[in-house]
Structures are given as structure tokens and as C-alpha cells.
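S.K.: Sequence and computational prediction follow.
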Amino acid sequence: MSITTMSLAKALNAGLRRSMEDDEKVVVMGEDVGTLGGVFRITDGLKKDFGDDRVIDTPLAESGIVGTAVGLAMRGYRPVVEIQFDGFVYPAYDQIVCQVAKLHFRSQGRIRIPMVIRIPFGGGIGAVEHHSESPEAQFVHTPGLKVVACSNPADAYAMIQQAIRSDDPVVFLEPKRLYHSTKADVDTDADPAPLWQSRVVRPGSDATLVAYGPTVSTCLDAAPVAAEEGRSLEVIDLRTLSPLDLVPVIESVRRTGRLVVVHEAHLTLGLGAEIAARVTEECFHALEAPVLRVGGYDTPYPPARIEEAWLPDLDRVLDAVDRTFGF
């Protein structure tokens, strides 16, 4: 057992470092990932230790970055691409959806695309336009891509290594407002949970909260407040968005009879809608109330000075909990 206290950012850095040590075919590429170490310093120190052949500063051209990574993956490398901010991914959207997601199927399984596309996502850092978006539903909707989201340092350390080892392309979502917010103990020798598996992070008996990425901490903050009113909330960290692992969610809802799904992305056609539909299909007779959703409003992400009024917060989550008990 080797316990180290890390922030989420340091855990990602350590996970990348270990992957590069274990496999010389792992290469990191993106805007400012080398000399600068990334705008969030996730790749800090990697160029110094592994050289500029494996930590590559690219031009400001997301389509070119991902397209180059596709070629590397086809030749046996395992590229890890950093998209500097969530809103910058759209120039590469054609490459991701039309090439990355389809090549394995198009080649009848002869070609593998073992690449990871790291995307810092979500708001809460006071950034300008195009720097605080939550585009995950667009990738979850694309067959051929796997999508995961970490929410804590231990998961960040393990999941980035597991994603790199995957022979399928993985969109790896990192909650940027949690990069440096808190630290936690990480056992770097522990056997990690399977990558494609959701997890109950707080047991409860009266209602179920499901979240991923940055809103997991919001739900964990809501649970003790609700407990003061005599309500026991079970919190589930989804972790894997595609494929969805709803087994723990369905088991929980069959016990609690109530479900609130929380995410930062826009509410309409967000991941919460799919979860609500599937849970209703599986748990219709167990539900004591409709599945409720808490998400971002159906507007473009607002200016930084009012983003706190836009993001799902403790009050909005607790209000949804109150509403589900009102039925």
C-alpha cells in the first residue's frame, strides 16, 4: 500500500506519468502540454522526463491534433490528446464523430483506435465564453465512443490509466473546477474499480441522487443537509457515461422509490433525460414520484459574473429533493 495525498490535477499527472513509464507507445499531445505543462498544469514535468518526441506541443488546431492522433493510433501508438477547454472541441468534432468513432466498425474490426481525448469540462472557474461548457451528451450519443468522467483524485489516478489501456477510443471528462479544489489520499497500489462501473459513494434509504463529474460533490454536500431534516439520501457517482452502468441506480431506486439526476449540462436532451427514461422503464412500479432532473438552464453558458446563478447548486438539489417528497 502506498498512500499519497493529491489534488485531482496531481492525480491525473501521476496517472499519465505511470502510463508513460509502463508503455513507451503512450504519447501526450495538445496545445501547450509540453513546455508549459498545460493551462491547468496536468502535464507539468512530463516533457522534461519523457522528451518532446512523446510530449508534443501542437499548433492551435484541434482538428489537426485529433487527426494526427488517429494516424498514430492506427500505427500502434496510444495517443492521449488534450483539448485545452471543452468549448474548443468543436473544430475536432468531425474527426471524433466521423473517424475516431467509426474506424473500428468501418474496418470490420481490423483497425483499433486506442486513443484518449481528455476534455476539461464544466463551469465554476470564472472563465470567459467557450471555456465552461458541458458537451458530454453529444459524445454519449455517438456509437463507437466510450465516455467517462472522474470526480475525485483516486478515480482520476486510476481511470486515466485504465482509459489509456483501453483498445477503444475514450473521451475522458475532467471537472476543471475540482482540479485544485481539494486533496485526498490516493492508494497508488490499490486495485481500481472497473472503468465501466458506477459506484454508490454514500448509502441512503429515502431517495437516490445520481451525478457525475463536478456535481458529485454537490450531491455529497446535499446529503448531510437533508439528513438534518430526517431524509437519508443515497448518492451514486455514475463515472461511466457510455456505456451507462445503471445497475446500481436501478437497485437503489427500487429501494428508495425516488430519483433526482444532477448534471451541469443543459437540461433538455441532457444525460439526465436518458437516465430518467431507462429508470422509468425498469422501475415504474417502484417509483413513488416522477424522476426529477437538476441541470443547467437551456441557454448558452452565462458570463462569469452570473455563472453561480446558472450552475446547479446545493439549494437547487435540495429543492428537487423536497419536490420528490411532495408527490
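M.R.: That came through, no problem. Note that the structure is a prediction, hence the values are computed from the model and not measured. Numbers count the residues shown, from 1 in each chain.

S.K.: domains of the protein?
M.R.: 3-187, 199-325 (automatic domain parsing).

S.K.: how close does Lys183 sit to Phe105?
M.R.: 41 Å (C-beta to C-beta, to the nearest Å). Quick note: C-beta positions are derived from backbone N, CA and C, even for glycine.

S.K.: cool, Leu46 as well?
M.R.: For Leu46, the distance to Phe105 - C-beta to C-beta - is 33 Å.

S.K.: Spell out the residue ranges of the helices in the stretch 101-250 of the chain.
M.R.: Assigned by DSSP state H, counting those that start in this stretch, the helices in the stretch 101-250 of the chain fall at 103-106, 136-140, 153-165, 215-227, 247-256.

S.K.: so which of these comes closest to Trp310?
M.R.: helix 215-227 (13.2 Å; C-beta to C-beta).

S.K.: so how far is the closest one off the chain centroid?
M.R.: 19 Å (C-alpha atoms, centre = their mean, to the nearest Å).

S.K.: Now that helix: buried residues?
M.R.: For helix 215-227, the buried set under the neighbour-count rule, 16 or more other C-beta atoms under 10 Å, comprises Thr215, Val216, Ser217, Thr218, Cys219, Leu220, Ala222, Ala223, Ala226.

S.K.: now, which of those residues sits nearest Arg199?
M.R.: Val216 (9.9 Å).

S.K.: what about stretch 317-324, average pLDDT?
M.R.: Averaged across stretch 317-324, the pLDDT comes to 98.

S.K.: Ok, stretch 166-184 next?
M.R.: Per-residue scores along stretch 166-184 average to 96.

S.K.: How far does that stretch stretch from one end to the other?
M.R.: End-to-end distance of stretch 166-184: 26 Å, with C-alpha to C-alpha, to the nearest Å as the criterion.

S.K.: For the stretch 101-250 of the chain, which segments count as strands?
M.R.: 116-121, 146-149, 170-175, 183-187, 199-202, 207-211, 233-237, 240-242 (DSSP state E, counting those that start in this stretch).

S.K.: show me the contacts for Gly38.
M.R.: Shown in contact with Gly38 (C-beta atoms under 8 Å, 6 or more residues apart in numbering): Gly30, Asp32, Asp44, Glu82, Gln84.

S.K.: From these, list just the buried residues.
M.R.: So, by 16+ other C-beta under 10 Å, the buried ones in the contacts of Gly38 are Gly30, Glu82, Gln84.

S.K.: May I have the beta-bridge partners of the first one?
M.R.: Under DSSP bridges, the beta-bridge partners of Gly30 are Asp57, Glu82.

S.K.: Make a markdown table out of the domains of the chain and add distance to Ala193.
M.R.: As requested, the domains of the chain are arranged in a markdown table below (distance: least, C-beta to C-beta, whole Å):
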| stretch | distance to Ala193 |
| --- | --- |
| domain 3-187 | 7 |
| domain 199-325 | 6 |
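
S.K.: coming back round to it: what's the closest of the buried ones among the contacts of Gly38 to Val55?
M.R.: Gly30 (9.3 Å).

S.K.: Okay, that closest one and Pro243: tell me how far apart.
M.R.: 26 Å.

S.K.: Repeat that for Glu234.
M.R.: 22 Å.

S.K.: So between these two, which is more surrounded?
M.R.: Remark: of Glu234 and Pro243, Glu234 carries more neighbours, 26 against 12, as counted by other C-beta atoms under 10 Å.

S.K.: Return the residues in contact with that one.
M.R.: Glu234 neighbours (C-beta under 8 Å, 6+ apart): Val200, Arg202, Pro203, Gly204, Ser205, Ala207, Thr208, Leu209, Ser252, Arg255, Thr256.

S.K.: and if you look at Leu318?
M.R.: Neighbours of Leu318 in contact, by C-beta under 8 Å, 6+ apart: Ala222, Val225, Ala226.

S.K.: try Ala273
M.R.: Leu267, Arg293.

S.K.: if you set the cut-off to 10 Å instead, what comes out?
M.R.: Ala273 is in contact with Ala137, Val261, Leu267, Val291, Arg293, Gly295, counting by C-beta atoms under 10 Å, 6 or more residues apart in numbering.

S.K.: buried set for the strand or helix carrying it?
M.R.: Here Ala273 sits within helix 271-283, counting by DSSP states H and E. By neighbour count on 16+ other C-beta under 10 Å, the buried set for helix 271-283 is Leu271, Gly272, Ala273, Glu274, Ile275, Ala276, Val279, Glu282, Cys283.
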